[in-house]
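In: Show me the folded form of this:
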Amino acid sequence: MSGHSKWATIHRKKGLIDAQRGKIFQKLTKEIMVAAKSGSPDPAQNSALRLAVDKAKAQNMPKDNIENAIKKAAGIGDNVNYEHIVYEGYGPSGVAIMVDCLTDNKNRTAAAVRSTFTKHGGNLGTDGSVSYMFKYSGSIVVPSDYDENMIMETCLEAGADNVEKEEETYLITTSANDFSSVKDALSNAGVSEFLECELTYVPIIYSDVDDETKDKVYKILDALDDIDDVQEVYNNLKEE
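Out: Numbers count the residues shown, from 1 in each chain. All right, here's what the predicted structure looks like:
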């Protein structure tokens with residue numbers, strides 16, 4: 001997804017153009033499979049799976065792809081076990097970067113992430129070196145054509161931390177604990193289109209750098225995102 005609003009730049013997602021759809025769907029498939037293996041294959045009985053499915057739907061992943069991923073995780077031809085790892089590091093000028101991975105080979109993934117940081121003028125840090133600059137939060141984005149009063153009241157009553165209206169979207173932030181209740185409240189209130197619906201790392205301390213440095217940071221973010229084992233890349237660039 002791409003756009004001019006803040007939610008599109010907090011962790012920089014590439015647009016769903018044809019050349020990239022396959023890679024994005026591959027990552028979503030892996031996330032669905034891991035969630036399905038962690039519990040029931042029924043999203044109604046497995047909150048992690050429901051979150052992964054909601055995220056896939058927000059990216060317009062076809063229903064058949066989602067169902068096939070769940071079936072595969074149930075044991076039809078897949079014995080790969082993935083491990084969740086988050087790497088922390090610094091980009092040019094000390095911009096904080098967090099790299100969320102699902103991998104079946106930690107050594108391979110660590111080497112690829114470390115090499116990418118080094119190649120693009122950054123360095124891999126230790127656990128906790130940059131995570132204190134982020135808050136693990138729920139992020140929900142819906143189109144702004146829904147009634148503003150309804151969105152505000154529904155979200156705040158369900159425990160949302162903040163609701164911000166931009167030109168084309170509402171950006172709703174929640175604590176990790178209240179994320180599901182806010183999302184469910186919106187669905188029950190008639191919201192059927194979610195542009196984003198996920199738990200994410202939101203910066204609480206920002207790095208303000210010049211445009212030349214931003215271009216360098218974007219290159220390392222894109223390079224990290226291109227690693228097969230990487231699911232998401234987060235940063236604390238100040239975009240305004």
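In: how about stretch 230-240: buried residues?
Out: By neighbour count on 16 or more other C-beta atoms under 10 Å, the buried set for stretch 230-240 is Val230, Gln231, Glu232, Val233, Tyr234, Asn235, Asn236, Leu237. Where you see a C-beta, it was placed from the backbone N, CA and C, and this is true even at glycine.
In: Looks like the first one contacts Ile97 (just checking).
Out: So that's Val230. No - using C-beta atoms under 8 Å, Val230 is not in contact with Ile97; the gap is 11.1 Å.
In: Now do the shared contacts for these two.
Out: By C-beta atoms under 8 Å, 6 or more residues apart in numbering, Val230 and Ile97 have these common neighbours: Leu224.
In: Okay, Val233 and Met98: tell me how far apart.
Out: Between Val233 and Met98 the computed distance is 7 Å (C-beta to C-beta, to the nearest Å).
In: Work out the sheet partners of the longest strand seen in the chain and label each with its direction, please.
Out: Longest strand of the chain, by residue count under DSSP state E: strand 134-143. Strand 134-143 sits in its sheet next to strand 169-175 (antiparallel), strand 196-203 (antiparallel), going by DSSP bridges.
In: burial measure for the residue nearest to Lys37 when sequence neighbours are not counted, as a count.
Out: Setting aside the residues directly before and after it, Lys37 is nearest to Ala73 in space (C-beta to C-beta, 6 or more residues apart in numbering), at 4.9 Å. Counted with other C-beta atoms under 10 Å, the neighbours of Ala73 add up to 21.
In: can you give me the helices in this structure?
Out: Assigned by DSSP state H, the helices in the chain fall at 7-10, 18-37, 47-58, 63-73, 106-119, 148-158, 179-188, 211-225.
In: Quick one, which of those gets closest to Glu168.
Out: Ranking these by proximity to Glu168 (C-beta to C-beta) places helix 7-10 first, at 10.3 Å.
In: average pLDDT for the closest one?
Out: On average, the pLDDT along helix 7-10 is 49.
In: again, but for stretch 111-126
Out: 96.
In: tell me which residues of that stretch are tucked away?
Out: Residues Ala112, Val113, Thr116, Phe117, His120, Gly122, Leu124, Gly125 are the ones in stretch 111-126 that count as buried (16+ other C-beta under 10 Å).
In: repeat for stretch 184-201
Out: Neighbour counts over stretch 184-201 (16+ other C-beta under 10 Å) mark Ala185, Leu186, Ala189, Val191, Phe194, Leu195, Glu196, Cys197, Glu198, Leu199, Thr200, Tyr201 as buried.
In: Now for the last one: which residues touch it?
Out: Contacts for Tyr201 (C-beta under 8 Å, 6+ apart) come out as His11, Met98, Asp100, Ser131, Phe134, Lys135, Tyr136, Ser137, Tyr234.
In: ok, the third one - how many residues close by?
Out: This means Asp100. Per other C-beta under 10 Å, the neighbour tally for Asp100 reads 18.
In: Also the fifth one?
Out: Other residues within reach of Phe134 by the criterion other C-beta under 10 Å amount to 21.
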